[in-house]
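Asker: got a structure for you, letters missing:
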């Protein structure tokens, strides 16, 4: 059976939104948050041939020159069901393309690309997440909670260029993999109102992938500060 290992990390930096939905503002019932993440990204992969021989461990940023930072769209919708429970849905996506000249030989799947080969590469991921959060501490200006839920991650990656399969001729080959799987998520969140109209929010989530021969993980952390400019609108950065 062919084997693929994917590791991917992402750190987010900034957003603009209407009514923050990390844990939602204290008096919000429904909130929508539109974001633009300025993210630092790290991704690597390793795949085996059908016979089970492991290929090269490939760093997409170092070996294939994919961007180490990217602006990502994101959407969050939150609903405060009652004083104890919060529901949240989120989507964010990442798409990158590159071309690079190899400074060492690499192999992926059935194909070997030699030193100095000119390759194209791509790495896409879309994450859809749903979380149920329970508020374990509620004060007049501070709330803390824990969340559990599910999310689905759609990974798609490819490498293409002049390479060789076995003893065959050197010619154009494209190797790609695509995974779509439901994943568990656990995390913690909180928000604090230090002054009227100001809110500080944060959360940490741990997402893990484990299905058949596929393994991966993503640790996501967010912090934001927002200011209420209208009864129904906040503006802020994270």
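Answerer: Thanks, I have it. Note that the structure is predicted; figures quoted are calculated from it, not measured. Numbering: from 1, shown residues only.

Asker: let me see the ranges of the strands in this protein.
Answerer: 4-11, 30-47, 58-59, 69-80, 85-101, 106-108, 111-113, 118-138, 142-165, 171-195, 198-211, 214-230, 233-237 (DSSP state E).

Asker: so, low pLDDT: which residues of this structure?
Answerer: 1-28, 37, 48-52, 207-218, 231-232, 236-238 (pLDDT under 70).

Asker: please redo it, this time with the cut-off set to 50
Answerer: 1-25 (pLDDT under 50).

Asker: centre of the chain to stretch 76-96, how far?
Answerer: 15 Å (C-alpha atoms, centre = their mean, to the nearest Å).

Asker: with stretch 145-162 instead?
Answerer: 7 Å.

Asker: look up how far residue 119 lies from residue 136.
Answerer: 50 Å (C-beta to C-beta, to the nearest Å). C-beta: built from backbone N, CA, C; applies to glycine.

Asker: so these two - more neighbours on which side?
Answerer: When neighbours are counted by other C-beta atoms under 10 Å, residue 136 and residue 119 differ, and residue 119 comes out ahead with 20 against 12.

Asker: the more buried one bridge partners, please.
Answerer: residue 100, residue 161 (DSSP bridges).

Asker: then residue 126?
Answerer: Here residue 126, judged by DSSP bridges, has bridge partners residue 93, residue 154.

Asker: residues contacting it?
Answerer: By C-beta atoms under 8 Å, 6 or more residues apart in numbering, the residues touching residue 126 are 91-94, 153-154.

Asker: dump those into a markdown table; add neighbour count as well.
Answerer: Formatted as a markdown table, those follow (neighbours: other C-beta atoms under 10 Å):
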| residue | neighbour count |
| --- | --- |
| 91 | 14 |
| 92 | 20 |
| 93 | 14 |
| 94 | 21 |
| 153 | 20 |
| 154 | 14 |
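
Asker: need these in TSV with distance to residue 202, can you?
Answerer: Shown next, in TSV, are the contacts of residue 126 (distance: C-beta to C-beta, whole Å):
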residue	distance to residue 202
91	20
92	17
93	23
94	22
153	23
154	27
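
Asker: what's the spacing between the closest residue to residue 170 other than its chain neighbours and residue 80?
Answerer: What sits nearest to residue 170 in space, not counting adjacent residues and going by C-beta to C-beta, 6 or more residues apart in numbering, is residue 164, at 5.1 Å. Separation of residue 164 from residue 80 (C-beta to C-beta): 58 Å.

Asker: between these two, which one's more packed in?
Answerer: Neighbour count, other C-beta under 10 Å: between residue 164 and residue 80, residue 80 has more, with 22 against 17.

Asker: wait, what's in contact with the residue nearest to residue 170?
Answerer: 111-114, 170-171, 173.
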